[in-house]
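In: Coordinates only, no sequence provided:
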């Protein structure tokens, strides 16, 4: 990888930005009693459970109340919201079709929305800390400085992600999330070894935990690369002395067409439903009752999360994929699917494929999301690593490796793996 000057420069730049991101996660925000916060995180309350869940994606910055505590979360959420608006509101849909100018406007609106979400999230976080007595001097001055610090930190993280996308390797936002999750892996290993040494965790159970997560990772890789190939044949056309068309290609339909979006939507809805009452659980019995009923390890929470993931999967797939438009484009290009009539029959064929694959993909995502919670209920684990985090890590790693290998193949290298190219690059010409 490092023999290619352009690729080497991109890799070193990406690593440098990630180092800056990690340094920012150690700059504390004033006014918070960190020692009390650490004790609070080990308690079984709604706010501590919500922080523990979100803390996985911030590499511990959220539980430490550092400058980058919110991380890239507000920008990712804003991007998803703008993407949905682009499919549902005609004005935003028109901007998406205007090329570079529309993309710049959408990106600008996304950043404004991310700033607003940073302020809202920072306000909820500040109120939660005050309600549980984790602030040194509560009041408006603390709230102002706390919200300002976290919002500014979130904007800096968003800017760092943009720099990676422009001058580095991989998608900036995805790489930031990837770095935040992977940064906790050494701590997980140390916790597990320490638990075995003090006798809190049996050695066989520790090995079993390792094998389980290796198996989950293997299943994620297998299913993420799985796809249904729909053959498309193009008719021959004779124009003058030349013959056009006649070639055969295919349209790939992945098992998981929605990536982690349904899981993020479901998590956002449930976290808002539990997190807001959790801020006032110590004052109002009604809020406390809601928190107790919807604990993260409880059956009701996981059952609702499973149903929401399946629901949002079909909603997101319906917004992103338009079978009628796809069938119309194939027909205009002179193509057809063997044994399927062009036009309406082709659209119905695509819709049937998306429905069947969608059921498999939705169940796969739902099981992956609730599986760590089920394992936590059966096995006492010294750390929490959700299925969503694993899915993001594996997905970003596969995407980045694909980009790196494209550089290597372009320069006549065989790839960065000693065994040769990755399976999904097999069709690239040598």
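Out: Received the coordinates, thanks. This is a predicted model, so every value here is computed, not measured.
In: CA only for contacts and neighbour counts going forward, please
Out: Will do.
In: pLDDT below threshold where in the stretch 1-150 of the chain?
Out: Confidence mapping of the stretch 1-150 of the chain against pLDDT under 70 gives the ranges 42-60.
In: any chance you could map the helices in it?
Out: 5-24, 34-41, 46-55, 61-64, 73-88, 90-96, 100-131, 140-167 (DSSP state H, counting those that start in this stretch).
In: can I get the ones you listed in JSON lines with mean neighbour count?
Out: Listed next are the helices of the stretch 1-150 of the chain as JSON lines, based on neighbours: other Cα atoms under 10 Å:
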{"stretch": "helix 5-24", "mean neighbour count": "16"}
{"stretch": "helix 34-41", "mean neighbour count": "15"}
{"stretch": "helix 46-55", "mean neighbour count": "21"}
{"stretch": "helix 61-64", "mean neighbour count": "22"}
{"stretch": "helix 73-88", "mean neighbour count": "19"}
{"stretch": "helix 90-96", "mean neighbour count": "15"}
{"stretch": "helix 100-131", "mean neighbour count": "18"}
{"stretch": "helix 140-167", "mean neighbour count": "19"}
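In: Can you lay out those as JSON lines showing distance to residue 270?
Out: Below are the helices of the stretch 1-150 of the chain laid out as JSON lines (distance: least, Cα to Cα, whole Å):
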{"stretch": "helix 5-24", "distance to residue 270": "28"}
{"stretch": "helix 34-41", "distance to residue 270": "19"}
{"stretch": "helix 46-55", "distance to residue 270": "10"}
{"stretch": "helix 61-64", "distance to residue 270": "19"}
{"stretch": "helix 73-88", "distance to residue 270": "15"}
{"stretch": "helix 90-96", "distance to residue 270": "27"}
{"stretch": "helix 100-131", "distance to residue 270": "15"}
{"stretch": "helix 140-167", "distance to residue 270": "23"}
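In: To residue 361, which of the ones you listed lies closest?
Out: Evaluated over the helices of the stretch 1-150 of the chain, closeness to residue 361 peaks at helix 73-88, with 19.5 Å, by Cα to Cα.
In: didn't residue 157 look like it was pressed against residue 69?
Out: No: look at residue 157 against residue 69 with Cα atoms under 8 Å: they stay out of range, at 10.0 Å.
In: Shouldn't residue 230 be within a strand?
Out: Yes: the assignment for residue 230 is a strand, going by DSSP: H, G, I helix; E, B strand; the rest coil.
In: Tell me which of the helices of the stretch 1-150 of the chain lies nearest to residue 404.
Out: Closest among these, once you apply Cα to Cα, is helix 5-24, at 7.6 Å.
In: how about the helices in the stretch 301-430 of the chain?
Out: Under the criterion DSSP H, counting those that start in this stretch, the stretch 301-430 of the chain contains helices at 323-332, 344-378, 387-410.
In: okay, the ones you listed in TSV with distance to residue 231, mean pLDDT and mean neighbour count next?
Out: Shown next, in TSV, are the helices of the stretch 301-430 of the chain (distance: least, Cα to Cα, whole Å; pLDDT from 0 to 100; neighbours: other Cα atoms under 10 Å):
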stretch	distance to residue 231	mean pLDDT	mean neighbour count
helix 323-332	12	84	16
helix 344-378	12	84	18
helix 387-410	24	82	18
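In: so which of those gets nearest residue 187?
Out: Residue 187 sits nearest to helix 387-410 of all these, at 15.3 Å, using Cα to Cα.
In: coming back round to it: for the helices of the stretch 1-150 of the chain, which one sits closest to residue 325?
Out: Among those, the nearest to residue 325 by Cα to Cα is helix 73-88 (13.5 Å).
In: the inter-axis angle of that closest one versus helix 100-131?
Out: Per axes from the mean of the first three to the mean of the last three Cα atoms, to 10 degrees, the angle that helix 73-88 makes with helix 100-131 is 130 degrees.
In: what distance separates helix 73-88 from the centre of its chain?
Out: Using Cα atoms, centre = their mean, to the nearest Å, the mean C-alpha position of helix 73-88 is found 13 Å from that of the whole chain.
In: same deal with stretch 367-383?
Out: For stretch 367-383, the distance to the chain centre is 19 Å (Cα atoms, centre = their mean).
In: swap in stretch 142-161?
Out: 21 Å.
In: residues in contact with that stretch?
Out: Applying Cα atoms under 8 Å, 6 or more residues apart in numbering, the contact partners of stretch 142-161 are 17, 21, 29-31, 66-72, 74-75, 115, 118-119, 122-123, 126-127, 171-173, 175-176.
In: For the nearest residue to residue 64 once chain neighbours are set aside, give me its contacts.
Out: With sequence-adjacent residues excluded and distances taken as Cα to Cα, 6 or more residues apart in numbering, residue 64 is closest to residue 34, at 6.4 Å. Residues in contact with residue 34 (Cα under 8 Å, 6+ apart) are 64, 65, 134.
In: Between the two ends of stretch 288-301, how far is it?
Out: Start-to-end span of stretch 288-301 (Cα to Cα, to the nearest Å) is 15 Å.
In: Please tabulate the helices of the stretch 301-430 of the chain in CSV, including the columns distance to residue 274.
Out: Below are those laid out as CSV (distance: least, Cα to Cα, whole Å):
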stretch, distance to residue 274
helix 323-332, 37
helix 344-378, 16
helix 387-410, 19
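In: quick one, which of those is nearest to residue 12?
Out: Among the helices of the stretch 301-430 of the chain, helix 387-410 comes nearest to residue 12, with 12.9 Å by Cα to Cα.
In: Tell me how far the closest one lies from the chain's centre.
Out: Counting by Cα atoms, centre = their mean, helix 387-410 is centred 13 Å from the centre of its parent chain.
In: pLDDT weak spots in the stretch 151-300 of the chain?
Out: Within the stretch 151-300 of the chain, the segments meeting pLDDT under 70 span 236-246, 272, 275-276, 278-282, 291, 295-297.
In: for it, what spans make up the strands?
Out: Per DSSP state E, counting those that start in this stretch, the stretch 151-300 of the chain has strands spanning 227-234, 237-239, 242-244, 248-254. These are given in chain order.
In: Any chance of JSON lines for those strands, columns distance to residue 360 and mean neighbour count?
Out: JSON lines is the format used below for the strands of the stretch 151-300 of the chain (distance: least, Cα to Cα, whole Å; neighbours: other Cα atoms under 10 Å):
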{"stretch": "strand 227-234", "distance to residue 360": "12", "mean neighbour count": "15"}
{"stretch": "strand 237-239", "distance to residue 360": "39", "mean neighbour count": "10"}
{"stretch": "strand 242-244", "distance to residue 360": "38", "mean neighbour count": "9"}
{"stretch": "strand 248-254", "distance to residue 360": "11", "mean neighbour count": "14"}
